[in-house]
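**Q** Next comes the sequence, and after it the predicted model I'd like to discuss.
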Amino acid sequence: MSLKITLKPHERIIIDGAVVSNGNSSSDLIIENNVPILRQKYILSEKDADSPCRRIYFVIQLMYIDGHDLKNYHKMYWDLVQNLVEVAPGVLDLIDQISEHILSADYYKALNLAKKLIDYEEEAINRVCKSPASLSCC
């Protein structure tokens, strides 16, 4: 089954590891085989992976788009997850769900759940920053 993707002007997309940039107008792409695809709004750059949950998302993204070094990415993932669960045990259920998808090599579903990790992290930071005891840490 084919997948039709409409790219906005200047939108970028990763298709099976290749970064594709669109020109000045919208364009349609028809992907006729099963390959990893990641639209620009879901791509996290390495420099933007600046928090524990964002680093987890970034590593899962690498698993999804670059399957050549999975052993290394898996090790990085498990190290990051162990550190996160130690300081934020409340994420364990979500981490378990993400990990199940990783173990079954369903990296796209793992990425979607990892977005929830980032949301959780941002909410926690916002709560701390709005707290009167935060001492202007944010």
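**A** Nice, thanks for sending it over. Computed from a predicted model, the values in this text were never measured in an experiment. Numbers count the residues shown, from 1 in each chain.
**Q** mind listing the strands for the chain?
**A** For the chain, strands defined by DSSP state E occupy the ranges 3-7, 12-15, 18-21, 27-31, 37-39.
**Q** close enough to count as contact, Ile43 and Val20?
**A** No: using C-beta atoms under 8 Å as the test, Ile43 is too far from Val20 to be in contact (11.5 Å). From N, CA and C alone the C-beta is placed, and that goes for glycine too.
**Q** Could you check which of these two has the larger neighbour count?
**A** Higher neighbour count among Ile43 and Val20: Ile43, with 15 against 12, using other C-beta atoms under 10 Å.
**Q** re the thing from before, now list whatever residues contact both of Ile43 and Val20.
**A** With contacts defined as C-beta atoms under 8 Å, 6 or more residues apart in numbering, the residues shared by Ile43 and Val20 are 12, 14.
**Q** How about the residue nearest the centre of the chain: what's its closest non-neighbour residue?
**A** Note on the chain: the residue nearest the mean C-alpha position is Tyr57, at 3.3 Å, using C-alpha atoms, centre = their mean. Once flanking residues are discounted, Tyr57 sits nearest to Ala114: 4.3 Å by C-beta to C-beta, 6 or more residues apart in numbering.
**Q** Show me what counts as buried in the longest helix along the chain.
**A** Counting residues, the longest helix found in the chain (DSSP state H) is helix 107-130. Using 16 or more other C-beta atoms under 10 Å as the test for burial, helix 107-130 gives 107, 109-111, 113-114, 117-118, 121.
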